[in-house]
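Asks: I'll drop the sequence and a predicted model, then ask my questions.
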Amino acid sequence: MNSSVKNIFFYSFLVFFFSWVFVNRLGINKLAIQSEDTIPTMFLPVAIIKEKTMNLDSYYWMMLGKYPHPDDKSFIRGLTPFYLKKIGNHYVSAFPIITALISLPIYFLPLKLGMPITWDNLIILSKISSSLIVLLSGVFLYILLRKHFLNDEKKASLLTYVYLFGTVNYAMISQSMWQHGTLMLFSILGLYFILEFLKENKFKPSNAFLGGLFYGLAILSRPTAALAFALVLVLMLVKIRNIKNYIKANIFVFAGIALNILFFLWYNNKYYIGIQNQGYSSQIFSSWLSPFPISLIGVWLSPSKGILVYSPIFIFSFVGFYIAMKKGLKENSQYLIYFLVVVLHTLIISFWKHWYGGYSFGYRMSSDIIPYLILLMVPFLNSSFYEKYQKLFLFLFTISVFVQIFGIIFFDGIWHAAYDKGFRDTSWLWSLEDSEFMFNIRRVMVKLKFLQRACPKCL
């Protein structure tokens with residue numbers, strides 16, 4: 001196992017980081033920061049290490065100078081960019097802070113050695129941090145698979161590489177300091193310790209505590225992790241059955257959760273003053289504006305955002321679930337739980353106005369469920385069907401990786417700038433002719449002088 005972990009860690013990091021270095025330094029894709037959403041997370045470790053604060057006041061003008069509020073008159077009107085919140089006389093991140101906190105070790109030594117605070121330097125540190133976060137989640141996924149799901153080392157490695165390179169983890173999550181990678185890292189760790197707790201009815205309290213601790217960190221990283229956590233509690237009830245033992249187990253689970261709550265209350269009261277100033281608070285009741293069920297179909301099948309379009313390998317997640325249920329619900333109840341995580345998450349997200357993820361590559365808003373989609377493939381790999389359809393599986397895996405490589409090369413926001421009409425009119429997400437993939441094909445043809453314009457309809 002150790003050699004496999006080392007290989008996954010070393011080679012995957014090289015691919016994650018140097019894929020970007022290659023296309024960026026050659027000028028193929030000059031976009032270094034994929035979204036303004038990740039900007040405060042890039043600067044927060046600097047503020048913590050250099051100034052021992054979570055306030056971003058010292059870097060406000062640096063951020064605003066390069067990434068102002070989208071309103072052209074923001075300087076005149078005094079608008080705070082959407083990625084920050086102004087609390088009194090201070091500026092704080094409008095997004096959860098956990099990704100920044102676990103990136104502190106990457107930032108610490110360079111800053112202590114006097115590294116200048118420039119965009120170029122912070123971009124490098126952010127790329128290393130985001131790559132390592134996704135990479136560590138992949139390593140722990142491999143350990144989870146080997147310990148609880150797969151005896152075959154090669155199959156566990158294969159699913160780990162699907163997770164790392166056949167999904168938006170490669171083209172997007174590992175390339176910027178999003179919250180999603182941190183959520184997946186802690187969700188995988190949380191599930192690992194919960195399954196350790198349930199294993200062979202040992203019910204070791206420390207495992208329940210660690211399961212709650214890591215799921216709590218996942219929820220602090222991104223609140224959508226609460227759905228998976230709630231369903232994992234249902235799995236615990238199914239496995240334990242005895243109500244008294246279940247209550248005892250939950251005491252330890254919620255002790256781990258409580259530490260996260262205390263930390264949240266501390267930094268919220270110190271820096272945000274009140275819950276109403278948290279970045280998502282203002283959106284809770286006003287952002288459920290998507291045209292359901294078209295949006296739900298779009299989450300899965302939109303030509304420019306769909307999960308099964310950008311990672312067709314996930315077709316085998318549904319095959320795996322079918323195989324598990326055919327063998328019996330009693331023996332495979334955990335797969336029903338993972339399936340419900342996937343279905344309910346995509347259902348809820350489909351009501352959110354930005355179900356497609358805004359300016360991002362692929363299915364960003366649904367990336368939180370990638371670990372559960374991977375686990376749903378396990379029954380397929382453990383069945384006789386895998387030998388029969390192995391070539392198809394590897395073919396769809398190859399296509400999925402190819403799509404992600406396309407994202408590394410081409411995702412620079414130009415397609416969004418040309419076609420994005422916002423959430424009120426999502427017809428642009430359904431056009432095959434003007435899909436992100438076809439647009440990028442035309443960009444290549446323009447470079448080769450076979451076409452004059454990649455966007456014929458644009459003025």
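Replies: Received the coordinates, thanks. Numbers count the residues shown, from 1 in each chain.
Asks: Domain ranges for the protein, per the record?
Replies: 31-122, 287-459 (automatic domain parsing).
Asks: With mean pLDDT, mean neighbour count and distance to S221 as new columns, can these be given to me in CSV?
Replies: Yep, even glycine has a C-beta here, placed from its N, CA and C like the rest. Shown next, in CSV, are those (pLDDT from 0 to 100; neighbours: other Cβ atoms under 10 Å; distance: least, Cβ to Cβ, whole Å):
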stretch, mean pLDDT, mean neighbour count, distance to S221
domain 31-122, 89, 17, 4
domain 287-459, 91, 18, 10
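Asks: Compare these and give me the one nearest G216.
Replies: domain 31-122 (10.2 Å; Cβ to Cβ).
Asks: Please name the nearest non-neighbouring residue to T346.
Replies: V299 (4.9 Å; Cβ to Cβ, 6 or more residues apart in numbering).
Asks: Which secondary structure state does Y267 sit in?
Replies: Following DSSP: H, G, I helix; E, B strand; the rest coil, the label given to Y267 is helix.
Asks: Ignore what I typed, I meant K85.
Replies: Criterion first, three-state DSSP; result for K85: strand.
Asks: so what's it bridging to?
Replies: Following DSSP bridges, K85 is listed with bridge partners V92.
Asks: I'd say it and S93 touch.
Replies: Yes. In this structure, K85 is within contact of S93 by Cβ atoms under 8 Å, at 7.4 Å.
Asks: residue contacts, the residue nearest to T346?
Replies: K305, G306, I307, T346, I349, S350, W355, Y356, Y363, M365, S366 (Cβ atoms under 8 Å, 6 or more residues apart in numbering).
Asks: Quick check: the fifth one vs L56, distance?
Replies: Translated: I349. Using Cβ to Cβ, to the nearest Å, I349 is found at 29 Å from L56.
Asks: Please apply the same query to the first one.
Replies: In this view, K305 and L56 are 31 Å apart by Cβ to Cβ.
Asks: So what does the nearest residue to S317 once chain neighbours are set aside look like in phi/psi?
Replies: Excluding the flanking residues, the one nearest S317 by Cβ to Cβ, 6+ apart is L376, at 3.9 Å. Dihedral angles of L376 (phi, psi; degrees, to the nearest 10) stand at phi -70, psi -20.
Asks: And the one 10 residues further on, by the same measure?
Replies: Main-chain dihedrals, Y386, degrees, to the nearest 10: phi -60, psi -40.
Asks: do H90 as well
Replies: phi -120, psi 160.
Asks: Quick one: residues contacting it.
Replies: N55, D57, Y271.
Asks: at 7 Å instead, please
Replies: For H90, the contacting residues are N55, D57, by Cβ atoms under 7 Å, 6 or more residues apart in numbering.
Asks: packing partners for the helix or strand where P105 lies?
Replies: Here P105 sits within helix 104-112, counting by DSSP states H and E. The contact analysis (3 or more Cβ pairs under 7 Å, 6 or more residues apart in numbering; DSSP states H and E) places helix 104-112 against helix 39-51, helix 119-148.
Asks: Compute the inter-axis angle for that helix and helix 119-148.
Replies: 150 degrees (axes from the mean of the first three to the mean of the last three Cα atoms, to 10 degrees).
Asks: and helix 104-112, how far out from the chain's middle?
Replies: 24 Å (Cα atoms, centre = their mean, to the nearest Å).
Asks: orientation of it relative to helix 39-51 in degrees?
Replies: 60 degrees.
Asks: any idea which residue sits dead centre in the chain?
Replies: H180 (2.6 Å; Cα atoms, centre = their mean).
Asks: my guess is that residue contacts I369, does it?
Replies: No. Between H180 and I369 there is no contact under Cβ atoms under 7 Å: 10.0 Å.
Asks: Could you say which helix or strand holds the closest residue to L136 other than its chain neighbours?
Replies: Leaving aside its chain neighbours, L136 sits nearest to L185 (5.8 Å; criterion: Cβ to Cβ, 6+ apart). Using DSSP H and E, L185 maps to helix 180-198.
Asks: Quick one: work out the angle between that helix and helix 119-148.
Replies: 20 degrees.
Asks: can you tell me the average pLDDT over helix 180-198?
Replies: Taken as a whole, helix 180-198 has an average pLDDT of 96.
Asks: now for the helix or strand just after that helix, which elements pack on it?
Replies: Counting by DSSP H and E, the next helix or strand C-terminal to helix 180-198 is helix 205-221. For helix 205-221, the packing partners by 3+ Cβ pairs under 7 Å, 6+ apart come out as helix 98-102, helix 180-198, helix 225-240, helix 243-267.
Asks: Give me the residues contacting the third one.
Replies: Right, the one you point to is helix 225-240. With Cβ under 7 Å, 6+ apart, helix 225-240 has contacts from 183, 187, 191, 194, 198, 215, 218-219, 246, 249, 333-334, 337, 340-341, 344-345, 368, 372.
Asks: before we move on, back to that, would you reformat the helices and strands packed on helix 104-112 as JSON lines and include distance to Y11?
Replies: JSON lines is the format used below for these (distance: least, Cβ to Cβ, whole Å):
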{"stretch": "helix 39-51", "distance to Y11": "26"}
{"stretch": "helix 119-148", "distance to Y11": "10"}
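Asks: Mind checking those for the one nearest to V444?
Replies: Of all the helices and strands packed on helix 104-112, helix 119-148 comes closest under Cβ to Cβ, at 25.2 Å.
Asks: Give the buried residues for the closest one.
Replies: Buried residues in helix 119-148, counted by 16 or more other Cβ atoms under 10 Å: 122-146, 148.
Asks: Ok, stretch 184-201 next?
Replies: Buried residues in stretch 184-201, counted by 16+ other Cβ under 10 Å: 184-198.
Asks: Output stretch 376-387 as CSV - backbone C-alpha positions only.
Replies: C-alpha atoms of stretch 376-387 as CSV (Å, rounded to 0.1, in the frame of the first residue of the first chain):
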residue,chain,number,x,y,z
LEU,A,376,-20.9,3.8,-6.2
MET,A,377,-18.6,2.2,-8.8
VAL,A,378,-17.2,-0.3,-6.3
PRO,A,379,-20.0,-2.9,-6.8
PHE,A,380,-19.3,-2.8,-10.5
LEU,A,381,-15.6,-3.3,-10.1
ASN,A,382,-16.3,-6.2,-7.7
SER,A,383,-18.7,-7.9,-10.0
SER,A,384,-18.2,-10.2,-13.0
PHE,A,385,-19.5,-7.4,-15.2
TYR,A,386,-16.2,-5.5,-14.8
GLU,A,387,-14.3,-8.1,-16.8
